[in-house]
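Asks: Pasting a predicted model and its sequence here:
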Amino acid sequence: MTTDPNACQEYNQLTRRRFMAVSTAVAAAAATPAWLPRVAFAQGGFSRDVIVCIYLRGGADGLSLCVPYGDPGYYANRPVTRVDPPGASGGMGAVDLDGFFGFAPSMQPLMGVYQAGHLLVVHATGSVDPTRSHFDAQKFMELGKPADSTLFTGWLGRHIAGVSPRDSSAPFRAVGIGYQLQLALSGAPGAVPVPDLANFNIRGSTATRAARLAWLKDIHQYQNEMFRTAASNTQTTIDALAAINAGSYLPPTGNWAYPATNLGSGRGAFSKAMQQTAALIRAEIGVEAVAIDLDGWDLHSALGPLTGSMANQMAAVANTLRAFYEDVLMSANKNVTVVVMSEFGRRVAENGSAGVDHGHGNVFFAMGRQIIGGRVLRNWPGLGAGQLYQNLDLQVTIDHRDLLAEIVSRRLGNPSLGQVFPGYTPTFRNIAVAG
């Protein structure tokens, strides 16, 4: 495991903590795999979107992802790490969205989705909690409630637990791509963490794998119901993922290509995860939610929004999302909603290392054929003197739970928002078509 030289100590410690959890899960797999489903699957169901939840871990710079080129405060605070207004020489200016905001050049692949009205950008949004701790900010957003020590399940997990399955015969209901289930999915029945959808199986020699699986199935039939159910669901999950053949899946000819998998900083793994997610959704086996992470956003030095680290990160996101859009939403005509979020944004002013430190307000993306997109939704507070949060950061003027709650209600068919977001009454922002 390597650390990110541009990231803060806390972020690298958090990455190491997640790595240790991965190592522990792998070491324990021979006895009781961490990914064993623990519940029997419920019956019944109704039609609703599949949700793909992408988390940009490390605090992505929302002011580079969606540049407020119409606000002079942006240029006053970022003389080095700026993205110039549209029309700048060399094609390095912002790609205009609405006369005030623009994408950084690396985000250009998403313009077709935006212009089709299927991509919504929400700015000056995020968690209302003021923490600048990566650990706390991610935790509060994924739990769906800030600073509540009694809450252990995630917002997406509570949603899935509160509705019937889309398909009563589904081998699993949710997948967290990784060795450890994302906190947002915690508490979801039928949720499994899978690091690679193409290689989900028990460890050991492939020559004896079938025999060992048969032995496990046989021996567990004499155990109590919990172990019988776990063994049965594990076998079903392995069989289902093998049938999908996600490792060799390719989108139809002519679609936007998924980026290469040999990219650095986890970007290739992200592309691979999204391509495998496309295969999973196209297979129509009843999956309801997929959670995917992309690290590498804690850029305290050498931000590089035009040609450096940030530009590379944005290019990976934009190209991958465009490929997924063409592949699944358009070519396969699937009802899918994709949300992209991160913890706190970055400070408005750049630092002496041409990077940006932990901030507050950020940007959020929602993509889908029933998303009311083609616009930048905001209650823009401004970046000038007297307009910043604590005189440092972009303010949060739209709670991210407003956005998630409307999607849960209108696209995922769950009206019980008090269970999904306890203690919070959301304000709908007209971002999604109901039904």
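Replies: Great, that's in hand.

Asks: I figured Met341 hits Tyr55, correct?
Replies: Yes - Met341 lies in contact with Tyr55 (CB atoms under 8 Å); the separation is 6.2 Å. (Glycine included, C-beta is placed from N, CA and C.)

Asks: Of the two, which one has the most company?
Replies: A direct count of neighbours by other CB atoms under 10 Å for Met341 and Tyr55 places Met341 higher, at 25 against 22.

Asks: those helices in the stretch 101-250 of the chain, which residues are they?
Replies: 111-115, 134-143, 155-161, 209-220, 225-244 (DSSP state H, counting those that start in this stretch).

Asks: Looks to me like Val396 is in a strand.
Replies: No - Val396 sits outside any strand when classified using DSSP: H, G, I helix; E, B strand; the rest coil, being coil.

Asks: Before we move on, what's the pLDDT of the closest residue to Gly266 other than its chain neighbours?
Replies: Spatially, and ignoring its direct neighbours in sequence, Gly266 is nearest to Asp295 (4.9 Å; CB to CB, 6 or more residues apart in numbering). pLDDT for Asp295: 95.

Asks: what do you get for Lys217?
Replies: 62.

Asks: just Pro33 next, same as before
Replies: 35.

Asks: returning to what we had before: check the spacing between the residue nearest to Gly266 and Arg57 real quick.
Replies: 5 Å (CB to CB, to the nearest Å).

Asks: In this protein, which residue is most central in space?
Replies: Ile54 (0.9 Å; CA atoms, centre = their mean).

Asks: wait, that residue sits on Ile292?
Replies: Yes - at 5.1 Å, Ile54 and Ile292 qualify as touching, with contact defined as CB under 8 Å.

Asks: low-scoring pLDDT stretches of this protein, where are they?
Replies: 1-3, 14-47, 200-235 (pLDDT under 70).

Asks: can you pull out the strands in it?
Replies: Here the chain has its strands, by DSSP state E, at 50-56, 66-67, 95-96, 102-103, 119-126, 174-177, 191-194, 289-294, 336-342, 362-367, 375-377, 398-399.

Asks: Now do the contacts for the residue nearest to the centre of the chain.
Replies: Ala291, Ile292, Asp293, Leu294, Val317, Val338, Val339, Val340, Met341 (CB atoms under 8 Å, 6 or more residues apart in numbering).

Asks: Now tabulate those residues in TSV and tack on distance to Pro130.
Replies: As requested, the contacts of Ile54 are exported to TSV (distance: CB to CB, whole Å):
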residue	distance to Pro130
Ala291	25
Ile292	27
Asp293	24
Leu294	25
Val317	26
Val338	28
Val339	23
Val340	22
Met341	17
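
Asks: In these, find the pair that's most separated.
Replies: Greatest spacing in those, by CB to CB: Ala291 and Val317 (15.6 Å).

Asks: burial measure for Asp148, as a count.
Replies: Count around Asp148 with other CB under 10 Å applied: 13.

Asks: What sits closest to Ala191 if chain neighbours are left out?
Replies: Among residues not flanking Ala191 along the chain, Ala174 sits closest, at 4.0 Å (CB to CB, 6+ apart).

Asks: list the contacts for Thr320?
Replies: So Thr320 contacts Tyr258, Pro259, Phe270, Ser271, Met274 (CB under 8 Å, 6+ apart).

Asks: residue contacts, the first one?
Replies: With contacts defined as CB under 8 Å, 6+ apart, the neighbours of Tyr258 are Pro251, Ser271, Lys272, Met274, Gln275, Asn319, Thr320, Ala323, Phe324, Asp327.

Asks: Among the residues you listed, which one lies nearest to Gly102?
Replies: Asn319 (18.1 Å).

Asks: give the contact list for the closest one.
Replies: Contacts of Asn319 by CB under 8 Å, 6+ apart are Pro109, Trp256, Tyr258, Pro259, Ser271.

Asks: Just send those residues back as TSV, with distance to Leu306 too.
Replies: Formatted as TSV, the contacts of Asn319 follow (distance: CB to CB, whole Å):
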residue	distance to Leu306
Pro109	16
Trp256	23
Tyr258	24
Pro259	19
Ser271	22
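
Asks: circling back to that earlier point, closest to Leu65 out of the contacts of Thr320?
Replies: Using CB to CB, these come closest to Leu65 at Phe270, 15.2 Å.

Asks: what's near enough to touch that closest one?
Replies: Under the criterion of CB under 8 Å, 6+ apart, the neighbours of Phe270 are Ile292, Asp293, Leu294, Ala316, Val317, Thr320.

Asks: do Asp298 as well
Replies: Asp4, Asn6, Ala7, Cys8, Tyr11, Gly58, Gly59, His134.
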